[in-house]
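Q: this is a predicted model, with the sequence first.
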Protein chains: 2
Amino acid sequence: MKRIGILISGRGSNCEAIAKNVLAGNIPGAEIAAVIANRTSAAGLDIARGMGLEAIALPSRGLDREAYDAQLIGELNARNVDLVCLAGYMRLLSASFIRAFPMRILNIHPSLLPAFPGLDAQHQAFDYGVKISGCTVHFVDEHLDHGPIILQAPVPVLMGDTADTLSSRILLEEHKIYSEAIRIVISGRYRIEGRTVILEG
Amino acid sequence: MKRIGILISGRGSNCEAIAKNVLAGNIPGAEIAAVIANRTSAAGLDIARGMGLEAIALPSRGLDREAYDAQLIGELNARNVDLVCLAGYMRLLSASFIRAFPMRILNIHPSLLPAFPGLDAQHQAFDYGVKISGCTVHFVDEHLDHGPIILQAPVPVLMGDTADTLSSRILLEEHKIYSEAIRIVISGRYRIEGRTVILEG
């Protein structure tokens, strides 16, 4: 079994969607090792516990990046985590963390990268006036919202949309493609050429 | 009738698609005033003549931007052009030209802007490893590939795609949404807020 560690900072709705799919057997060969939040108040911790998962608060407040990430690596390694999934995790990862899990960290971003990296991507896209936005699951590298893309889903901006209604529809797609991307990565049926993830069969 | 002037530099396959739709009555209230190429060798000129359209070679070679654009404005105004459509027109327009047709110049770009502006957008997207690309029809403003977006269409990157097969599928979508965007602009059923084109009804 490949063991997934999920990092959250808040509610972590993508965490819940992934966990549901794992528990339902929709991601063959995967199990959830732990859900770890960098804030003790993260609502996702109780949700994870309610699903019978180990949920750990590991507060980052006051710690510098290297010191905190060393703790985080320790907790993940102690649980034999194979794949780290970021789900609304609001801290940048250190280079040490990324080296500790090479091409084994996934993130989801609420835009069609490389458009609208960074915070509030849905609002950025809405304010830009795009007619198609979407979401992206990608490997995490040392640059923000930048690593090789595993899956993307388009989401049209509809008449009468606000940034919030658009965000809600993007989130529905996030919940689908994040689990699908994890399934692909865990299956091993892909290779990476340049920065392109080539799906195999 | 609203009169469309189409600017090309080469084959102008979008020009042909627009002209077919206008001639078939698919864009109510529109007629083609002229097709103008900045290269005498542009293959689109003969295609346009074959469709019974006025096709003009107005060579730009050796002329600076302001001098050429002044000629171009003259030709378009002499034909009472209401709407200028760029179709593979490989020259930047001067500020004077843009002011001469305020929010009356459309362009199509083979990516989901703001991703991959500039030349070879399809190859840029393919090399970046996106899983969703597409095309964009937008009003032309003083910045490259930047003005308010009228329509976009997503195009998935498929297993086995090359940059060329992807380009071909994007082109099919270009041919659809460019005419649809012209239909919207000519109908007047839109307004612009900030840089967002809001379609009405």
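A: Structure received.
Q: how about the residues of chain A by chain B?
A: Within chain A, the residues that sit near chain B (CB under 8 Å from any CB of the partner chain) are A:112-116, A:126-132, A:134, A:136, A:148-154, A:159, A:194-199. Glycine gets a C-beta too; all of them are placed from N, C-alpha and C.
Q: filter those down to the ones in strands?
A: A:132, A:134, A:136, A:149-154, A:196-199 (DSSP state E).
Q: which residues are in contact with the longest helix anywhere in chain A?
A: The longest helix of chain A (DSSP state H) is helix A:163-187. Residues outside helix A:163-187 that contact it (CB atoms under 8 Å, 6 or more residues apart in numbering or on different chains) are A:2, A:4, A:13-14, A:17-18, A:21-22, A:26-30, A:83, A:85, A:87, A:106, A:108, A:110, A:122-123, A:125-127, A:133-135, A:137, A:150-153, A:155, A:157-158, A:190, A:199.
Q: flag every buried residue along stretch A:182-200.
A: Buried residues in stretch A:182-200, counted by 16 or more other CB atoms under 10 Å in any protein chain shown: A:182-187, A:196-197.
Q: picking up where we left off before, now the longest helix of chain A: buried residues?
A: A:166-167, A:169-171, A:173-175, A:177-187.
Q: for that helix, what is the distance to the chain centroid?
A: Mean-position distance between helix A:163-187 and its chain equals 9 Å (CA atoms, centre = their mean, to the nearest Å).
Q: would you map out the domains in chain A?
A: A:1-102, A:107-201 (automatic domain parsing).
Q: what's the first-to-last distance across the shortest one?
A: Distances were taken as CA to CA, to the nearest Å; on that basis the terminal residues of domain A:107-201 are 23 Å apart.
Q: pLDDT score for A:A125?
A: As predicted, A:A125 sits at a pLDDT of 98.
Q: what residues are up against it?
A: A:A125 makes contacts with A:111, A:115-116, A:133, A:157, A:166, as judged by CB under 8 Å, 6+ apart.
Q: how about A:E66?
A: Contacts for A:E66 (CB under 8 Å, 6+ apart) come out as A:94, A:96.
Q: distance of it from A:A30?
A: For A:E66, the distance to A:A30 equals 30 Å [CB to CB, to the nearest Å].
Q: also A:I98?
A: Applying CB to CB, the value for A:I98 to A:A30 is 21 Å.
Q: so for the two, which sits in the more crowded spot?
A: Neighbour totals were compared for A:I98 and A:A30, and A:A30 leads with 24 against 19 (other CB atoms under 10 Å in any protein chain shown).
Q: now do the helices in chain A.
A: Under the criterion DSSP H, chain A carries helices at the ranges A:13-23, A:43-50, A:65-78, A:95-100, A:121-128, A:163-187.
Q: may I see the buried residues of the shortest one?
A: By neighbour count on 16+ other CB under 10 Å, the buried set for helix A:95-100 is A:97-98, A:100.
Q: so which elements touch that helix?
A: Helices and strands touching helix A:95-100, by 3 or more CB pairs under 8 Å, 6 or more residues apart in numbering or on different chains; DSSP states H and E, are helix A:65-78.
Q: just the CA atoms of the helix it packs on, as CSV, please.
A: Output of helix A:65-78 as CSV, limited to C-alpha atoms (Å, rounded to 0.1, in the frame of the first residue of the first chain):
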residue,chain,number,x,y,z
ARG,A,65,10.5,27.3,7.7
GLU,A,66,13.5,24.9,8.0
ALA,A,67,12.8,24.2,11.7
TYR,A,68,9.1,23.5,11.0
ASP,A,69,9.6,21.5,7.9
ALA,A,70,12.2,19.3,9.8
GLN,A,71,9.4,18.4,12.3
LEU,A,72,7.0,17.8,9.5
ILE,A,73,9.4,15.5,7.6
GLY,A,74,9.9,13.6,10.9
GLU,A,75,6.2,13.1,11.4
LEU,A,76,5.7,12.0,7.8
ASN,A,77,8.6,9.6,7.8
ALA,A,78,7.6,8.2,11.2
